[in-house]
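Chemist: Provided below are the primary sequence and the corresponding predicted coordinates.
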Amino acid sequence: MAVRSRVTPPDTVLPLLRAAHLGPGLAVTTLTALLGSSARLRPREIAASTAAVFLGQLSIGWGNDLVDAARDRAVARADKPLATGEVGAPVVAGALATALLGCVAASASLGRRSALTHLALGVGPAHAYNLGLKSTAWSWAPYAVAFGALPSVVSQAGGDRRRSPAWITAPAAALGVCAHILNALPDLAQDDATGVHGLPHRLGAERGRQLATGLLGLASVAIVLGPNATPSPVAWSALAANGALGAVALRGTGRTPFRAAVAIALIDAGLLVSGAR
């Protein structure tokens, strides 16, 4: 009788990274580093806050795929390594635990306020989403809380005892909700087949896209007008570009509205990082 050999660690690395949802995780990590640079944090503080957020994102991605493994197998998700058997649940669970411990340690190095903000308002709600909130009408709330808290995680890492002002927090929260909606739209049918009925699924593709576009537009206005009564020409130009993209997102057909909404989100993120200067 042949003995089945264990998969060697090098063979698990790429599937394990794919199971971590690296794309969205790296996007949030990059945004953290840019916010740190914009806030003029010291290099050590930027590195520590970026590391804490990256490790937290890894744990969130792995947690998502662990919880969803049975659903992903039910709909034959070829892009999910746990569903295809390319990596086993114990390996992913071990990686999650390691990332989470590293996240706690890196967060602790940022100081008590920043660490509590990151763990309680960033990582905690994201795992709550994975563990059940994603299938409720409140699926948007963890995204709003976590994204809204991110600027405070960064500013408090630099020694600021206060939370970030509303003109930063509110648009960041709106961007989080939009990220949730836009990320869910391509998978609505598969999610519906496996019993996931979060806010995007209850809204449907059309209303979800309209809500995301409206929130992005409000975020643009808040970012541009919030910090300065006299925005720069660059900020006004970005706001005008987002207005045009919003019209495309609302009236376009096919994949064009989705691409336009993503473009608005990217411009908003750029405005947020630059302080709409």
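Modeler: Perfect, thanks for sending it. Numbers count the residues shown, from 1 in each chain.

Chemist: by contact count, what packs against the longest helix seen in the chain?
Modeler: As assigned by DSSP state H, the longest helix anywhere in the chain is helix 43-74. Packing contacts for helix 43-74, counted by 3 or more C-beta pairs under 8 Å, 6 or more residues apart in numbering; DSSP states H and E, involve helix 9-19, helix 22-38, helix 81-84, helix 89-108, helix 124-130, helix 140-157. The way it works is simple: take the backbone N, C-alpha and C, and place the C-beta from them, glycine included.

Chemist: Now find how far off-centre the third one is within its chain.
Modeler: So the one you mean is helix 81-84. 22 Å (C-alpha atoms, centre = their mean, to the nearest Å).

Chemist: So which bits of that helix are buried?
Modeler: Neighbour-count burial for helix 81-84, counted by 16 or more other C-beta atoms under 10 Å, picks out 81-83.

Chemist: Tabulate these in a markdown table, adding columns for pLDDT and distance to A141.
Modeler: Below are those laid out as a markdown table (pLDDT from 0 to 100; distance: C-beta to C-beta, whole Å):
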| residue | pLDDT | distance to A141 |
| --- | --- | --- |
| P81 | 93 | 28 |
| L82 | 93 | 26 |
| A83 | 91 | 27 |
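
Chemist: for those, which one is nearest L133?
Modeler: Using C-beta to C-beta, L82 is the member of the buried residues of helix 81-84 that lies nearest L133, at 20.6 Å.

Chemist: follow-up on the earlier one: could you check the angle the longest helix of the chain makes with helix 9-19?
Modeler: Using axes from the mean of the first three to the mean of the last three C-alpha atoms, to 10 degrees, the inter-axis angle of helix 43-74 relative to helix 9-19 is 90 degrees.

Chemist: Could I get the average pLDDT for helix 43-74?
Modeler: Across helix 43-74, pLDDT averages out at 95.

Chemist: pretty sure A128 contacts P142?
Modeler: Yes. With contact defined as C-beta atoms under 8 Å, A128 counts as touching P142 (5.8 Å).

Chemist: When these two are compared, which one has more neighbours?
Modeler: A count of neighbours by other C-beta atoms under 10 Å puts P142 above the other of A128 and P142, at 24 against 16.

Chemist: I'd like to know how far the more buried one sits from R259.
Modeler: 26 Å (C-beta to C-beta, to the nearest Å).

Chemist: looking at the helices and strands packed on helix 43-74, which is buried most?
Modeler: When neighbours are counted by mean count of other C-beta atoms under 10 Å, the highest per-stretch mean among the helices and strands packed on helix 43-74 falls to helix 140-157, a mean of 25.

Chemist: got the CA positions of that one in CSV?
Modeler: Extracted in CSV, the C-alpha atoms of helix 140-157 (Å, rounded to 0.1, in the frame of the first residue of the first chain):
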residue,chain,number,x,y,z
TRP,A,140,-21.3,46.7,6.1
ALA,A,141,-20.6,47.7,9.7
PRO,A,142,-17.2,46.0,10.2
TYR,A,143,-15.9,47.6,7.1
ALA,A,144,-17.1,51.1,8.2
VAL,A,145,-15.6,50.7,11.6
ALA,A,146,-12.3,49.2,10.5
PHE,A,147,-11.7,51.7,7.7
GLY,A,148,-12.9,54.6,9.7
ALA,A,149,-10.4,53.6,12.5
LEU,A,150,-7.4,53.2,10.2
PRO,A,151,-6.4,56.9,10.1
SER,A,152,-6.5,57.0,14.0
VAL,A,153,-4.3,53.9,14.2
VAL,A,154,-1.7,55.8,12.2
SER,A,155,-2.0,59.2,13.9
GLN,A,156,-2.0,57.6,17.4
ALA,A,157,1.1,55.6,16.4
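
Chemist: I am finished for the moment; much appreciated.
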